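Undergrad: give me coordinates for this.
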Amino acid sequence: MIPYGRQNINDDDIAAVVETLKSNYLTQGPKVPAFEQALCHYTNANYAFATNSATSALHIACMALGVSDGDIVWTSPISFVASANCALYCGASIDFIDIDLNTGNISIEHLAEMLILAEQNNTLPKVIIPVHLAGQSCDMKAIAQLCEPYNIHIIEDASHAIGGEYNGNKIGACQYSDISIFSFHPVKIITSAEGGMALTNNTCLAEKLDRLRSHGITRDINQMKGLTDGPWYYQQVELGYNYRMTELQAALGLSQLKNLDNFVALRNEKAAVYLEKLKKLPLNMLEVSNNSLCAYHLFIIQLQDTQKHKKVFEALRKSGIGVNLHYIPIPSQPYYQSLGYTFSEIPMAEKYYQGAISLPLFPDLTVDEQKYIIETLGTILK
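TA: Alright, predicted model coming up:
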């Protein structure tokens, strides 16, 4: 079975992890800050904080921005559930911005309409979480311009998009957001086995993110209340979590980072083959704007004849092609249905779901494997 995604681990990655295993530190050592600094250098963000998952990073990002009971957070319905769950963890309510079918990202037009209505109803969100589906940035400049008059905070869920670019800047630079989030799950662009990262340019947010990922504890006397008892002293100044990344994860991530640009280039090369070879088939492919470099975590197609969706999916799987579907709209999940969400609120997301299939795309996908995928898909559709 050709998987839809797969990590690329080389001898240098293995050596980096083994070296760390033989070191004095398996946690809270030098590798985590080194990984963080390397991400700051790569993205040009001021601060980066490694976590044990992107879900954890999203959670503390919401907490750092003060999301709590009575607040509202908006995100995309076409994402993994973590993009919405992070707001619920904080006691907030969640709502969904419908997508643009051409890109799979949130619709700027729908966002503008929602903001006008929310202002009238006194239901404006505290935070919006745009999701960079498949590795392409949302139109962050337009989103920031719409949010600015309402003082709405922005968290970029860039879990798919490390290595991508928007308007000449690396995704993660936080040019149009308060905080950006990366994921290092094995099928992502680079991996630390499990892990995430929260990046920001704001010093106050940086202090909060640092504390919240480690129990709400600080050893910085400038953040403490009252006098210290000595050099051993620490204080818990708020309720945080144990969301720290281990040294082993950071060692792997730091080694993988060296190949990030090459991985993105290979993904773009393979995506270009799909775009060329599939263009005459009865399907649509997600558009990439001219001002973006897509990281191509995923290659998503949409069948024009949605009645054949299940049949095509099953035929590809039967042919040894491990296609997947990204994503089932979050509001359709039983838990969110119990909260009262319906598809009528997100018609484009529902339409997207009815025809979406993710084809295999990863750096080690061979020419012969990709040729087989293309030919098999063509045969099935014809």
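Undergrad: list the buried residues for stretch 354-368?
TA: Neighbour counts over stretch 354-368 (16 or more other CB atoms under 10 Å) mark G355, A356, I357, S358, L359, P360, L361, F362, P363, L365 as buried. (C-beta placed from N, C-alpha, C; glycine too.)
Undergrad: contacts only, for the last one.
TA: Just to be clear, that refers to L365. I2, K270 (CB atoms under 8 Å, 6 or more residues apart in numbering).
Undergrad: 10 Å instead, please
TA: Residues near L365 by CB atoms under 10 Å, 6 or more residues apart in numbering: I2, P3, Y4, G5, R6, L266, R267, K270, V273, F299, L359, I373.
Undergrad: so which of those residues wins on neighbours?
TA: F299 (27 neighbours; other CB atoms under 10 Å).
Undergrad: excluding sequence neighbours, find me the nearest residue to that one.
TA: L361 (4.2 Å; CB to CB, 6 or more residues apart in numbering).
Undergrad: backbone phi and psi for the most centrally placed residue in the chain, please?
TA: The geometric centre of the chain, computed from its C-alpha atoms, lies nearest to S159 (CA atoms, centre = their mean), at 1.8 Å. The phi/psi pair for S159 (degrees, to the nearest 10) reads phi -60, psi -30.
Undergrad: mind listing what the nearest residue to it once chain neighbours are set aside touches?
TA: Distance criterion CB to CB, 6+ apart; nearest residue to S159, sequence neighbours excluded, is S183 at 3.6 Å. S183 makes contacts with 51, 53-55, 57-58, 80, 82, 157-162, 189-192, 194-197, 297, as judged by CB under 10 Å, 6+ apart.
Undergrad: over to S53?
TA: H59, A82, S159, S183, F184, H185, S192, E194, G195, G196, Y243, M245.
Undergrad: again, but for S76
TA: With contact set as CB under 10 Å, 6+ apart, S76 has these partners: 83-84, 96-99, 104-107, 128-133, 138, 157, 327, 329-330, 346, 349.
Undergrad: rerun at 7 Å
TA: S83, F96, I97, I99, N105, I106, P130, V131 (CB atoms under 7 Å, 6 or more residues apart in numbering).
Undergrad: same check on S358?
TA: So S358 contacts Y4, L298, F299, I300, V323, N324, L325, H326 (CB under 7 Å, 6+ apart).
Undergrad: could you dump those residues to JSON lines with pLDDT, distance to E119 and secondary structure?
TA: Converted to JSON lines, those look like this (pLDDT from 0 to 100; distance: CB to CB, whole Å; DSSP: H, G, I helix; E, B strand; the rest coil):
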{"residue": "Y4", "pLDDT": "97", "distance to E119": "41", "secondary structure": "coil"}
{"residue": "L298", "pLDDT": "98", "distance to E119": "35", "secondary structure": "coil"}
{"residue": "F299", "pLDDT": "98", "distance to E119": "38", "secondary structure": "strand"}
{"residue": "I300", "pLDDT": "98", "distance to E119": "33", "secondary structure": "strand"}
{"residue": "V323", "pLDDT": "98", "distance to E119": "42", "secondary structure": "coil"}
{"residue": "N324", "pLDDT": "98", "distance to E119": "39", "secondary structure": "strand"}
{"residue": "L325", "pLDDT": "98", "distance to E119": "35", "secondary structure": "coil"}
{"residue": "H326", "pLDDT": "98", "distance to E119": "33", "secondary structure": "coil"}
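Undergrad: can those go into a markdown table with extra columns for distance to I72?
TA: Converted to a markdown table, the contacts of S358 look like this (distance: CB to CB, whole Å):
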| residue | distance to I72 |
| --- | --- |
| Y4 | 34 |
| L298 | 29 |
| F299 | 34 |
| I300 | 29 |
| V323 | 35 |
| N324 | 31 |
| L325 | 28 |
| H326 | 26 |
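Undergrad: which pair in the residues you listed spans the largest distance?
TA: Within the contacts of S358, F299 and L325 form the most distant pair, 12.8 Å apart (CB to CB).
Undergrad: what ranges of this structure fall below the confidence cut-off?
TA: Along the chain, the model assigns pLDDT under 70 to no residue.
Undergrad: can you show me the helices along it?
TA: Assigned by DSSP state H, the helices in the chain fall at 11-21, 31-43, 54-64, 82-89, 108-121, 140-147, 203-212, 247-257, 260-277, 309-318, 334-337, 347-355, 367-381.
Undergrad: from those helices, which stretch is densest packed?
TA: Among those, ranked by average contacts under mean count of other CB atoms under 10 Å, first place goes to helix 54-64 (a mean of 27).
Undergrad: so what are the domain limits for this structure?
TA: 2-257, 260-381 (automatic domain parsing).
Undergrad: what segments of the stretch 101-250 of the chain are strands?
TA: Here the stretch 101-250 of the chain has its strands, by DSSP state E, counting those that start in this stretch, at 127-129, 153-157, 165-166, 169-170, 179-183, 196-200, 217-218, 235-236.
Undergrad: which residues sit against the last one?
TA: Put plainly, it is strand 235-236. H215, G216, I217, T218, M224, K225.
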